[in-house]
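Q: Return atomic coordinates for the entry below.
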Amino acid sequence: MRSSAVLVVALVGCVLGLALPVAALERPLYRVEAAIRIAAPKLPPALVKVYAKPIRRDAIKYRYCPLTQISLVKFESGFRAGLVAHTRRRGVSLPCTKSTPCYVGLGQISAFHRPECKAGGWESPGCQKRVSELKDGVYNLGRTALGIHLNRQVCRRITGQPALFARWLSSYGGFNNSAGRRGVWCNMKKDRRGRWRDVPAPAATRRVMAYRRELIRRVR
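A: Numbering: from 1, shown residues only. Predicted coordinates:
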């Protein structure tokens, strides 16, 4: 009965994005590997094993479902460690600058969070060194996990509400106070009485959430 109860708690927590007891998050490594193979079937088996370890480790450290990060990475980069995505406006790719940052690697991390790129520009040696770091899959997964953790903290601080999945994920995806969503932070907006209320999640957020539900069904 104890193991069944833990499984139910883990599944509910994975769906809602709740912080869980460590025991409920410790999915066996082989199941994390299985989820990566589903999400990235062309990834070499050796790389699956390399990526599974930090994903599982950081999920336990930051207290979230490990399938969360796998689903996020699938839609951010398709598990392409060397991907550099430009900011786009009206279908046009813009140069990599502080105001139009490029996003790098598995979790699509902006290099312009670091002073090397802010001060020296994209082409500077310091910034390119930073870009190379972010193209390292294991390193990038660690930064992605930290990004999940920090976005959850930001959402709790801004809204005073629990950092549920749709809330922090929309923040991670760059949908805070964005075009067409003015006043929306962490997928919430204040009503006339000043109370934070959830709003419909962006399509990109919904895709990640739906995929994680699929992974839960297939690897639990």
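
Q: Which residue ranges of this protein form helices?
A: In the chain, the helices defined using DSSP state H lie at 2-16, 22-25, 29-39, 45-62, 66-76, 115-120, 125-134, 137-159, 165-172, 203-219.

Q: Could you dump those helices into a markdown table and include mean neighbour count?
A: For the C-beta atoms, the positions are set from N, CA and C on the backbone; glycine is no exception. Shown next, in a markdown table, are the helices of the chain (neighbours: other CB atoms under 10 Å):
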| stretch | mean neighbour count |
| --- | --- |
| helix 2-16 | 14 |
| helix 22-25 | 16 |
| helix 29-39 | 19 |
| helix 45-62 | 18 |
| helix 66-76 | 24 |
| helix 115-120 | 16 |
| helix 125-134 | 17 |
| helix 137-159 | 19 |
| helix 165-172 | 26 |
| helix 203-219 | 16 |
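
Q: how about those in CSV, adding mean pLDDT and distance to T97?
A: Shown next, in CSV, are these (pLDDT from 0 to 100; distance: least, CB to CB, whole Å):
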stretch, mean pLDDT, distance to T97
helix 2-16, 40, 38
helix 22-25, 52, 39
helix 29-39, 97, 32
helix 45-62, 97, 30
helix 66-76, 97, 21
helix 115-120, 91, 9
helix 125-134, 96, 11
helix 137-159, 98, 21
helix 165-172, 97, 21
helix 203-219, 97, 23
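
Q: what would the ones you listed look like in a markdown table with distance to G107?
A: As requested, the helices of the chain are exported to a markdown table (distance: least, CB to CB, whole Å):
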| stretch | distance to G107 |
| --- | --- |
| helix 2-16 | 19 |
| helix 22-25 | 19 |
| helix 29-39 | 13 |
| helix 45-62 | 11 |
| helix 66-76 | 6 |
| helix 115-120 | 17 |
| helix 125-134 | 9 |
| helix 137-159 | 3 |
| helix 165-172 | 9 |
| helix 203-219 | 12 |
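
Q: Of all the ones you listed, which one comes closest to S178?
A: Each of the helices of the chain has some distance to S178 by CB to CB; the shortest is helix 165-172, at 9.2 Å.

Q: Check what contacts that closest one and list those residues.
A: Helix 165-172 has contacts (CB atoms under 8 Å, 6 or more residues apart in numbering) with 15-17, 68, 72, 147-148, 151-152, 154-155, 159, 161, 176, 185-188, 198, 201-202, 205-206, 208-209, 212.

Q: Which residue, other than its chain neighbours, is closest to K190?
A: Excluding its sequence neighbours, the residue lying closest to K190 (CB to CB, 6 or more residues apart in numbering) is W196, at 5.8 Å.
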